[in-house]
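Engineer: The sequence and its predicted three-dimensional model are supplied below.
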Amino acid sequence: MEKVWSLLYKEAKSKLSAKEVSVFFTLGNTACAILGSNNKIYAGSNISSNSIISCSAEKSAVIEMFNDGEYVIDKMVLLNELEEVILPSDGSLEYLLELNPEFGNIDILVDYEKEKVIKLRQLIPKWWGTYRNFK
């Protein structure tokens, strides 16, 4: 396996910290690490609440990257609280493509043990926004 996937996995794992802050608010159940085109790793964890104040781990990591002035994602790893590799939700896939349609080229780790990686566009091949961006 490429060393970078191990680094991304470890960084995501370090952000897992499942906590129930209150009966309405939890955080750290999922974590995400992304590699920017600048070869820096950015990571974040989720926030879940019963109100509008929620944030996926993917968005949290992207915000960290944007705050550093980086705007291109090369690779992504997402973990659940059992430290298992999971896929981004449809909403997160949509979010990434709305940020930049070129994000369809992001390599996403699907299976750590089998070293399986796919492109984001394979998870959402018929994205509705394609016609607006690639006329």
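Structural biologist: Arrived safely, thanks for sending. Numbers count the residues shown, from 1 in each chain.
Engineer: The spatially most central residue of the chain in helix, strand or coil?
Structural biologist: Nearest to the mean C-alpha position of the chain, counting by Cα atoms, centre = their mean, stands residue 58 at 3.3 Å. Under DSSP: H, G, I helix; E, B strand; the rest coil, residue 58 falls in the helix class.
Engineer: isn't it right next to residue 78, touching?
Structural biologist: Yes: between residue 58 and residue 78 there is a contact at 6.5 Å, judged by Cβ atoms under 8 Å. In short, each C-beta sits where N, CA and C put it, glycine included.
Engineer: Show me the common contact partners of these two, please.
Structural biologist: Common contacts of residue 58 and residue 78 (Cβ atoms under 8 Å, 6 or more residues apart in numbering): 32, 88.
Engineer: Skip the chain neighbours and tell me the closest residue to the residue nearest to the centre of the chain.
Structural biologist: residue 92 (4.3 Å; Cβ to Cβ, 6 or more residues apart in numbering).
Engineer: Identify the residues contacting that neighbour.
Structural biologist: 56, 58, 59 are the contacts of residue 92 under Cβ under 8 Å, 6+ apart.
Engineer: Need the pLDDT of the last one.
Structural biologist: For residue 59, the pLDDT comes out at 94.
Engineer: residues near it, how many?
Structural biologist: The local packing of residue 59 (other Cβ atoms under 10 Å) involves 19 other residues.
Engineer: The first one now?
Structural biologist: The tally of other residues near residue 56 (other Cβ under 10 Å) stands at 21.
Engineer: what distance separates the start and the end of stretch 49-57?
Structural biologist: Counting by Cα to Cα, to the nearest Å, you get 14 Å between the two ends of stretch 49-57.
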